[in-house]
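1. Build me a model from this:
(one chain, ligands or ions: 2)
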Amino acid sequence: MNMPWNLARQTAREAAKPLEAVEVALPDALGLALASGVRALASQPTCDTSAMDGYAVAGPGPWTVVGRVAAGDSVPEVRLRAGEAFGVATGAPVPDGSDSVIPVELCSVEAGVLREAAGGAADRRPGESRQAPNRPPGDHGESHQAPNRPPGDHGESHQAPNRPPGKHIRRRGEDWSAGDELVPAGSLVSPAVLGLAAGAGHDTLLVHRRPRVAVVVTGDELLHAGPPRPGRVRDAIGPMLPGLLTGADLFGTTHLRDDPSALADALTFDQADVLVTCGATSVGPADHLRRVLADLDAEVLVSGVACRPGHPMLLAVLPDGRCVAGLPGNPFAALAAVLTLLRPLLDTLGGQAIRAPVTAWLGDAGAHPHDTRLVPVTRAGVPVGHDRPGSLWGAALADALAVVPPGHRGGEVELLPL
Ligand SMILES: Nc1nc2c(c(=O)[nH]1)N[C@H]1C(S)=C(S)[C@@H](COP(=O)(O)OP(=O)(O)OC[C@H]3O[C@@H](n4cnc5c(N)ncnc54)[C@H](O)[C@@H]3O)O[C@H]1N2
Ligand code: MOO
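-> Ligands and ions are numbered 1, 2, ... in the order given. I've put the predicted structure just below:
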């Protein structure tokens, strides 16, 4: 009895435990899953910082310029008093006592005296409204709100313009505080995670090691170069697999004839966490996989799945804990088995948390009454056709396989990205 598709995927996810955690230098963590959450080692910003090149000011203008601080300088050892200004670079610490920062293009400085230039419109882009949209109270981001100056006022007034306190100052800890968890365990380390982790002070990350996978392609009829001819077919699965298993370290591919003792030997390779076999899953005279697994005392967790294509797919665990994923020989069926069993198993071994599914609306898509269908579709959920089990044509044109449950009549379905 074939296992329902959802249960088969769930079984594969639960067939193993995450591999050990290792601490690696940041660049080496790319594409691996975090074994512990990334926490900030310092607040960001670490001190009150200017968001603009300009002048930090205290009290109403005009102001006397009393100093200057550049990016990379430490916090100036002065406290600004009303009527004083300090030249600041974007990213530089502002002195204590700074009320706000005036961008340099809104300033005029003569003989050490700073005045806010007329208009204040220079720090708005064309078409931008005066009021910054959707900013929460207390947000001191790079608002382009102009000072609320009466008509005819050219900024010479000694009255403080209605500039919100803290404008253009990024307050200490405004983005995050030291100790905050920024990315949870189980997340994949993307380029942005690497940048964020570096920004938060990390030189290394704790990640799960990548699963090691050995691939065995079987079949007397297979060719590995040149055009197919009657009785001989080109191996289409071996070339497809490395790109599907980017989260794993591959040992390379072994090509075997339909020989049970050679297959049994290949399955004794103990450097791999997962052995992937291609072909020999069915019941023909040359299909030895099930017998070989029985001889090796493997526990078969999934033996046939109620899905099309790929129903003979198989998942087993050897006595020493290594897993065997049996992909059917028909190439599209093999792809279906990778997405149903192998990838979920590798995700678990690699410590990846289960992500929310990608979905799309799909009509009945030729749903089967009892079996789940895996249908090649575009990212918008449009079937691309050419989906016969022996052919990767449809899959090659598709962005994903849609999971069409038995009896589906139209509605949201999960997409398995390719
Ligand atoms: N009596 C039954 N026969 C079959 C059944 C069944 O239920 N009862 N299921 C069919 C289905 S569905 C599939 S899928 C295949 C699975 O077969 P195997 O996993 O045993 O694979 P083979 O028999 O070796 O090959 C099947 C088919 O695929 C071609 N092939 C094999 N390897 C490759 C490769 N690496 N690249 C390209 N093509 C490959 C092979 O030449 C055959 O044409 O069983 C059905 N039979
Ligand atoms: O799984 Mo098979 O590919 O339907 O022929």
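2. tell me the contacts of the residue of the stretch 51-200 of the chain found nearest ligand 1?
-> Residue nearest to ligand 1 within the stretch 51-200 of the chain: residue 188 (29.3 Å; C-beta to the nearest ligand atom). Placement of C-beta: from N, CA and C, glycine included. Counting by C-beta atoms under 8 Å, 6 or more residues apart in numbering, residue 188 touches 31, 32, 33, 34, 352.
3. The second one touches residue 350, doesn't it?
-> Same thing as residue 32. Yes - when contacts are counted by C-beta atoms under 8 Å, residue 32 is listed as touching residue 350 (6.9 Å).
4. The stretch 101-250 of the chain against ligand 1: which residues are in contact?
-> Contact residues (C-beta under 6 Å from any ligand atom) of the stretch 101-250 of the chain with ligand 1: 217, 219, 221, 222, 233, 235, 236, 237.
5. residues contacting the last one?
-> Residue 237 sits next to 217, 278, 279, 327, 329, 331, 334 when contact means C-beta under 8 Å, 6+ apart.
6. Let's see that with 7 Å instead.
-> Contact analysis of residue 237 by C-beta atoms under 7 Å, 6 or more residues apart in numbering lists 217, 278, 327, 331, 334.
7. The fourth one: how many residues sit nearby?
-> Other residues within reach of residue 331, judged by other C-beta atoms under 10 Å, total 25.
8. where does it fall, phi/psi-wise?
-> phi -60, psi -40 (degrees, to the nearest 10).
9. Contact partners for it?
-> Residues in contact with residue 331 (C-beta under 7 Å, 6+ apart) are 236, 237, 390, 392.
10. Once you drop chain neighbours, what's closest to it?
-> Leaving aside its sequence neighbours, residue 331 sits nearest to residue 236 (C-beta to C-beta, 6 or more residues apart in numbering; 4.2 Å).
11. that older thread, just the buried ones from the contacts of residue 331, in PyMOL syntax?
-> Applying 16 or more other C-beta atoms under 10 Å to the contacts of residue 331, the buried members can be selected in PyMOL as follows:
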select buried, resi 236+237+392
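12. Pipe the contacts of residue 331 into a markdown table and attach secondary structure and distance to ligand 2 per row.
-> Formatted as a markdown table, the contacts of residue 331 follow (DSSP: H, G, I helix; E, B strand; the rest coil; distance: C-beta to the nearest ligand atom, whole Å):
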| residue | secondary structure | distance to ligand 2 |
| --- | --- | --- |
| 236 | coil | 12 |
| 237 | helix | 12 |
| 390 | coil | 7 |
| 392 | coil | 11 |
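13. Determine which two of the contacts of residue 331 are furthest apart.
-> 237 and 390 (11.3 Å; C-beta to C-beta).
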